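In: This is the structure alone, sequence omitted:
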């Protein structure tokens, strides 16, 4: 039983290292002053604990608003908008900022093309969003398509986050059970 506990603890350390490596370039309470524009508000950001909380109430709004924001044709100003949105909805800034990297120099073209196709299809289907000229209609198509695709991405990311949270909970329960068994304690009563 001791070997299984040691193996499980090693797996826990490996998962933590992997998570820290993934989160390293993203804004955190300790490094928020490194980011342009956001650094001007670093003291305000540090004093708001919900910006750094990974509780469900702070992550879910960050997932949905961050996904929609990442798909809108606002490339270049997404991170300051994500910061403002996370303050407004009390969402996790790290999650919201990470989602903004979906749109990067390699993906911006295909994403905006998909936004336009979906938005133009919806405008043709409903007749709503037609602008005064073709340019206005194309801009509306980009924003409408971005909102729809952003919601689709948000649903997928939310499902992935819920699965990973469930898996992490199972992992913690197994670790606690192995610790209790290694200490010779009786199993906890779940009922």
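Out: Cool, got the structure. Worth saying up front: this structure is predicted, and the values here are computed from it rather than measured.
In: Can you list the helices and strands that the longest helix seen in the chain packs against?
Out: Across the chain, the longest stretch assigned as helix under DSSP state H is helix 134-183. Here helix 134-183 touches helix 2-23, helix 56-71, helix 108-126, going by 3 or more Cβ pairs under 8 Å, 6 or more residues apart in numbering; DSSP states H and E. In short, each C-beta sits where N, CA and C put it, glycine included.
In: Can you give me the buried ones in the least confident helix or strand in the chain by mean pLDDT?
Out: Lowest on mean pLDDT, DSSP states H and E among the helices and strands of the chain sits helix 42-46, with a mean of 71. Of the residues in helix 42-46, 42, 45 count as buried by neighbour count, 16 or more other Cβ atoms under 10 Å.
In: Also stretch 177-191?
Out: residue 178.
In: That stretch - what's its average pLDDT?
Out: Regarding stretch 177-191, the rounded mean pLDDT is 76.
In: same thing with stretch 103-112?
Out: Here the average pLDDT along stretch 103-112 is 94.
In: ok, and what's touching that stretch?
Out: With Cβ atoms under 8 Å, 6 or more residues apart in numbering as the test, stretch 103-112 has contacts from 70-71, 73, 75, 78, 102, 142, 146, 149.
In: For stretch 102-122, buried residues please.
Out: 102-103, 111-112, 115-116, 118-120, 122.
In: cool, and stretch 90-99?
Out: 91-99.
In: between those residues, which is nearest residue 34?
Out: Checking these against residue 34 by Cβ to Cβ gives residue 97 as the nearest, at 11.9 Å.
In: OK, contacts around the closest one?
Out: 26-27, 66, 79, 82-83 are the contacts of residue 97 under Cβ under 8 Å, 6+ apart.
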